[in-house]
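Student: just coords:
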């Protein structure tokens, strides 16, 4: 191929529209692919104030009407939004003279558009599975969930390759959708280390004083306040930690368990030691991560655990529960502390260990930072993704569609 | 001329009046030397086949078996309709002159094929959600209406079966009257008038 590789990236979120982890993932992946000589067209949902078309760091971004009419439910909205997305991508590919090599879809939220475009243009489809319905819901219980599960299965069936961000997710999707091992590729998620080295928050002690007293250590939790993220495990670990160390527990994020969690804190008589900040902006979040004496990720289900990488990049010592993708990121006693999932005593032990031994904390902090630079660097991830694209195109060139 | 008809019902799967209407139309088109494919839903009673009358049928099933309503069922079936139509397009040397979409169900597929492969389509209106739902305007009805609107906006021509329906389409969707052709079925002029619309919408494809 004489011209550059051209990829259409389908994602239901892209900055400034940020719902979850797919938005930053697609943002960093596509700009790193662009730096590595891949022409990327991201097609995503519109957002108030964001232009319909713009070039972001070498990536062409198109925002399509995300279906403004009321929908009976979320899944129907998704399928209707896909009608618009598919229509706009069809017109885009046509305007490029059909010269597109790959469609790359992120999660079931863009499944129907991706599958349709594959067959209409007869180009290979790749799917990144960030999460699954069966994992999110801990099983399939209702028709609504089964419909989404079967849509996910269909997407992975139609995809030439399925990309997952951790070894845990590789085996999870094989189990959930009955996929052969050689159809699934593991490419880790990444983290942008530069935003932590660059961001300067003036006098950090002043910033810190907004959250904790001088003599208090800061224990930081960042995540949606939903069951699988395990914030309740952390709250139950608080008294045990306070027996040994004077600390302030800062919980960042929102979710359906927020009221329940703050009631729990009140009833335990810990309101002065646990602070709920709600959703905070990027700058505040990064500053918090930088001044945290320990970052805690006590998830019960975690496909990848990007918040762990962020803590590592911010040089905050890390305590994680030994579950899902987190288990692969952390090597116990080397770049973090592993504790038993759903076990407050174990979690308290891990936090106390870091907070009472500065030499140990600095050792895991330093190793974690090096690990994040070498393994979770977006340029390397983009290169692996590009290799996957080229591998698929090599196979495709021998098919009767070529 | 090569025409692909989209219909969610087709014999032996008969839900309402549309199935027999589409079957008669397809047979008459073949008699008039139009190469005719019908893409429809596969209910596991019959497979895809070429009929003795010269019509070619492709039946697709829904890869998503569990649904919460007709809307999600339709919206996931459209990609299989696109796949079937694309297979016809590529097998016929990258050519389909026209798609004739009956009712709203496969409008999303017709619109994608128009944008992607420049295949024009006409929208044959059998009924409207406005009447089926007796004016109800729940999000469910509005979603179906938005698909009907999309079809009317993107289609080259609309075919309706009565003057009354033409007036209703104009009233509900503000479609310019010159875009709508009234052709009552099973009259002596039915096929002749339909072929006229086909020829105009396909940019002058030759019959025979």
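Tutor: Cool, got the structure. What you are looking at is a predicted structure, and each value in this text was computed from that prediction instead of being measured. Residues are numbered from 1 along each chain as shown, chains lettered A, B, ... in the order given.

Student: and residue 102, what is it in contact with?
Tutor: No chain was given, so I picked chain A. Residues counted as contacts of residue A:102 (C-beta atoms under 8 Å, 6 or more residues apart in numbering or on different chains) are A:5, A:6, A:7, A:8, A:123, A:124, A:125, A:126, A:389, A:392, A:393. All C-beta spots, glycine's among them, are computed from the backbone N, C-alpha and C.

Student: that's the wrong chain, I wanted chain B
Tutor: With C-beta under 8 Å, 6+ apart, residue B:102 has these contacts: B:5, B:6, B:7, B:8, B:18, B:21, B:22, B:124, B:126.

Student: what's the spacing between residue A:278 and residue A:254?
Tutor: Going from residue A:278 to residue A:254 by C-beta to C-beta, to the nearest Å gives 6 Å.

Student: please narrow the contacts of residue A:102 to those residing in helices.
Tutor: A:389, A:392, A:393 (DSSP state H).

Student: right, and the helix or strand after the longest helix seen in chain B?
Tutor: In chain B, with assignment by DSSP H, the single longest helix is helix B:70-91. With elements assigned by DSSP states H and E, the helix or strand that comes after helix B:70-91 is strand B:98-102.

Student: quick check: angle from the longest helix of chain B to strand B:98-102?
Tutor: For helix B:70-91 against strand B:98-102, the angle by axes from the mean of the first three to the mean of the last three C-alpha atoms, to 10 degrees is 160 degrees.

Student: could you pull out the buried residues of helix B:70-91?
Tutor: Residues of helix B:70-91 classed as buried by neighbour count (16 or more other C-beta atoms under 10 Å in any protein chain shown): B:71-86, B:88-90.

Student: from those, which are also near chain A?
Tutor: The subset of those within reach of chain A, by C-beta under 8 Å from any C-beta of the partner chain, is B:71, B:72, B:75, B:76, B:78, B:79, B:82, B:83, B:86, B:90.

Student: now for the first one: which residues touch it?
Tutor: When contacts are counted by C-beta under 8 Å, 6+ apart, residue B:71 is found next to A:72, A:76, A:79, B:140, B:143, B:144.

Student: report the rounded mean pLDDT for the longest helix of chain B.
Tutor: Across helix B:70-91, the average pLDDT comes to 97.

Student: I figured residue A:89 was touching residue A:10, is that so?
Tutor: Yes: between residue A:89 and residue A:10 a contact is recorded at 7.3 Å, counting by C-beta atoms under 8 Å.

Student: mind listing the shared neighbours of those two?
Tutor: Taking C-beta under 8 Å, 6+ apart as the contact rule, residue A:89 and residue A:10 both touch A:43, A:103, A:113.

Student: re earlier: so which of the contacts of residue A:102 is the most crowded?
Tutor: residue A:8 (27 neighbours; other C-beta atoms under 10 Å in any protein chain shown).

Student: and residue B:69, how many neighbours?
Tutor: 14.

Student: and the closest residue to residue A:14 other than its chain neighbours, how many residues sit next to it?
Tutor: Excluding the flanking residues, the one nearest residue A:14 by C-beta to C-beta, 6 or more residues apart in numbering or on different chains is residue A:44, at 4.0 Å. Counted by other C-beta under 10 Å, the residues lying close to residue A:44 total 25.
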